[in-house]
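In: Structure for this input, please:
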Amino acid sequence: MPPILALHNFSYAYPTHSPTAEPVWVLDGVDLAVQAGEFVAIMGPTGVGKTTLCLALNGIVPHSTGGTIGGEVWINGRNSRHHPVAELAQTVGLVFQEPETQLFNMTVEAEVAFGLETLGLPPAEMAQRIAWALELVGMGDFRQRSPFELSGGQKQRVAIAAILAMKPPVLVLDEPTANLDPIGKREVFAAVETLRQQEGITIIMVSHESEQIAAFADRVVVLDNGKVATDAPAATIFTPPTRLRQIGLSVPQLSELADCLNQRHATQFRFTQLDEAAQALIHWTFTAQGTDTPLPTPQPKVDHAPLLTLDSLSYAYDGTQAALNGIDLTIGAGEFVAIVGQNGSGKTTLVKHLNGLLRPTQGRVLLNGADIAATPVAALARTVGYVFQNPDHMIFSATVREEVAAGPRNLGLPEAEIAARTTAALRQFGLLPFAETQPALLGFGLRRKVSIAAVVAMQTAVLVLDEPTSGLDQRSTDELMAILTDLNRQGRTIVLITHDMRLVADHVPRCVVLHNGRLLADAPTRHIFQQPALLQQTQLEPPPIAQIGQRLGFPALTLRDLCA
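Out: Next up, the predicted model:
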């Protein structure tokens, strides 16, 4: 049978500002064929053209974007050049990387119903599909809520449900789980796989979630430098993980463990999944790495001078919708703290109190012992820098350089100091090649870097980052964490919201767990990850190394614990 999707020597360049400018090819000679019913994962470094590829698969590129194309895209036997997006979208449903770009209805139920109405389905079938799709993504209790009142992860779930409900023959998902809690990620992958098995739908998914890709995908297509660098079965592409790591991609943590043991002990382990690893390592001895010591009892927090204090903090949106309930929390000067919890648990609401973007319904926020209730946001921003979950909520300048310079300029610094800080931040985040580019022309991952660099350039005493690694490849994530760790060593206080449990385990010493607007736990990270019942309650789960350690009776947290 002919493939349902096929790209033949496909190249694409976005429109240039000058008609005489040479095109900059985002995709350059891509050849790809996808058979009906396949589950194909797309991976690649940040900015490599993954989103552009997704947009080409239903004609948005080039019909809505303009630009220059070469080669062809065939969608179920139709050449995308000669058919409008509205027609191609009947075959290819697309979940955008940024859910806010596709949500526009007044309620969650209406959002999911909209696509079904365009299909002309009978009301009874529409009602069944709405209920089915919302339950699949864990949003069944939010039918009458406005999408714009939801957390970032909840918006992402609604966007997925709206497309799933339409059951298109081809489903293209661009980083659909980037803002979801760990169990939510697995549930979405499982829901998509269920849809494939039941309906025969073809799945194309861009994702950095290597553990889930290894478990669910048939094939992995790796893009690099605008081309297909690798196209291989998901069962084999991660073992060994060397090539993917070299181009900066995430690989399953257990495949890294197998590779490390093979390198150090001349073994022949090959596994990516927990059950495989447990079976292979059941008789392996890890005592040489020193992981057979008992789990330490949580110790009092390191003796840091209190810097930020939340005193019985409660907050309700519109005065009625409780988001935080009686939070008592102290963060010391120079600490590095992760705030974790399921989607909608109140994490973003909490950190927006730290710089005055939100003000408590009850309770107080203290900065260096002083209540900030009457302190303007502009004044607080001199001490507490805040990186939004969505970079587009804070980017406004005409060029990347101007964006990064805006914060230091607002501080009233001399021009020479502004220029020095701006150049240093651009260099830190690898953004110098894009310094004179409009941020809107950059991919999501690069815009993420711009938003972080803009706040880092202000050199605030406190740096709060809300899901800063969402959409970043592994190399960019590692580079960001190296920067944050270095800033913390210099005395900066770092507060990090993330759903990346491996990142927390590897880098963050203290973990604060929220659940339904309440503080459920506050302890050293190693202790938190040895409590599976606590994590299960909050839609979290330990990183794979911690899970295999628990299976084998070793209190491991990081790869170093099992393969020093």
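
In: Quick one: residues contacting L559.
Out: 253, 256-257, 260, 545 (Cβ atoms under 8 Å, 6 or more residues apart in numbering). Any C-beta I mention is one placed from the backbone N, CA and C, and that applies to glycine too.

In: same thing but at 6 Å, please
Out: Neighbour list for L559: 256, 545 [criterion: Cβ atoms under 6 Å, 6 or more residues apart in numbering].

In: so what's it scoring on pLDDT?
Out: What the model reports as pLDDT for L559 is 94.

In: What's the local residue count around A266?
Out: Using other Cβ atoms under 10 Å, A266 has 7 neighbouring residues.

In: Give me the longest helix you can find in the chain.
Out: helix 182-199 (DSSP state H).

In: Tell me the first helix or strand C-terminal of that one.
Out: strand 202-206 (DSSP states H and E).

In: Which strands or helices does that next one pack on?
Out: For strand 202-206, the packing partners by 3 or more Cβ pairs under 6 Å, 6 or more residues apart in numbering; DSSP states H and E come out as strand 39-43, strand 170-174.

In: Mind putting the ones you listed into CSV with mean neighbour count?
Out: As requested, these are exported to CSV (neighbours: other Cβ atoms under 10 Å):
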stretch, mean neighbour count
strand 39-43, 25
strand 170-174, 24
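
In: Save those strands as a markdown table, and put in distance to W25 too.
Out: Output for these, formatted as a markdown table (distance: least, Cβ to Cβ, whole Å):
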| stretch | distance to W25 |
| --- | --- |
| strand 39-43 | 18 |
| strand 170-174 | 20 |
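
In: quick one on the thing from earlier: report the buried residues of the longest helix of the chain.
Out: For helix 182-199, burial by neighbour count (16 or more other Cβ atoms under 10 Å) applies to 182-189, 191-193, 195-196.

In: And that helix, how far out from the chain middle?
Out: 17 Å (Cα atoms, centre = their mean, to the nearest Å).

In: what does it rub up against?
Out: 39, 136, 167, 177, 201, 203, 209, 212, 216, 501, 539-541.

In: farthest-separated two in the residues you listed?
Out: The span of these, defined through Cβ to Cβ, is set by K167 and M501 at 32.2 Å.

In: Please say which of the two ends up with more neighbours.
Out: Between K167 and M501, counted using other Cβ under 10 Å, the more crowded position is M501 (23 against 19).

In: How about the more buried one, nearest residue that isn't a chain neighbour?
Out: P543 (4.9 Å; Cβ to Cβ, 6 or more residues apart in numbering).

In: any idea how far H527 is from Q253?
Out: 20 Å (Cβ to Cβ, to the nearest Å).

In: Which one's more surrounded, the two?
Out: Set H527 next to Q253 and count neighbours by other Cβ under 10 Å: Q253 wins out with 24 against 19.

In: Look at D292 and report its pLDDT.
Out: pLDDT for D292: 39.

In: ignore the last one, E187
Out: 87.

In: what's the neighbour count on I203?
Out: Neighbourhood size, I203 [other Cβ under 10 Å]: 22.

In: nearest residue to G549 other than its sequence neighbours?
Out: A556 (3.0 Å).

In: Hmm, I typed the wrong one, I wanted P84.
Out: Nearest in space to P84, with sequence neighbours left out and distances taken as Cβ to Cβ, 6+ apart, is H63 at 6.4 Å.

In: Q342 too?
Out: Q539 (3.4 Å).

In: from memory that neighbour sits against D181, does it?
Out: Yes - using Cβ atoms under 6 Å, Q539 makes contact with D181 at a distance of 4.2 Å.

In: Give me the common contacts of those two.
Out: Counting by Cβ under 6 Å, 6+ apart, the residues touching both Q539 and D181 are Q342.

In: Could you list the low-pLDDT ranges of the stretch 251-400 of the chain?
Out: Where the stretch 251-400 of the chain drops to pLDDT under 70, the residues are 287-303.

In: show me the contacts for K50.
Out: Contacts of K50 by Cβ under 6 Å, 6+ apart are 42, 44, 206, 223.

In: Sketch out the low-pLDDT regions of the protein for me.
Out: 287-303.

In: which residue packs closest to Q474, ignoring adjacent ones?
Out: Counting by Cβ to Cβ, 6+ apart, the nearest residue to Q474 once its immediate chain neighbours are dropped is S250, at 4.2 Å.

In: that's a strand at L223, yeah?
Out: Yes - per DSSP: H, G, I helix; E, B strand; the rest coil, L223 lies within a strand segment.

In: Hmm, P45 and it touching each other?
Out: No - counting by Cβ under 6 Å, L223 sits too far from P45 to count as a contact (8.1 Å).

In: Export the longest helix of the chain to CSV, keeping only CA atoms.
Out: Extracted C-alpha coordinates of helix 182-199, given in CSV (Å, rounded to 0.1, in the frame of the first residue of the first chain):
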residue,chain,number,x,y,z
PRO,A,182,4.9,12.6,34.8
ILE,A,183,1.9,10.3,35.1
GLY,A,184,-0.1,12.6,32.9
LYS,A,185,2.6,12.1,30.2
ARG,A,186,2.3,8.4,30.4
GLU,A,187,-1.5,8.6,30.3
VAL,A,188,-1.5,10.7,27.1
PHE,A,189,0.9,8.3,25.4
ALA,A,190,-1.3,5.4,26.5
ALA,A,191,-4.4,7.2,25.3
VAL,A,192,-2.9,7.9,21.9
GLU,A,193,-1.8,4.2,21.6
THR,A,194,-5.3,3.1,22.6
LEU,A,195,-6.8,5.3,19.9
ARG,A,196,-4.4,3.8,17.4
GLN,A,197,-5.3,0.3,18.3
GLN,A,198,-9.0,0.9,18.4
GLU,A,199,-9.4,3.2,15.4
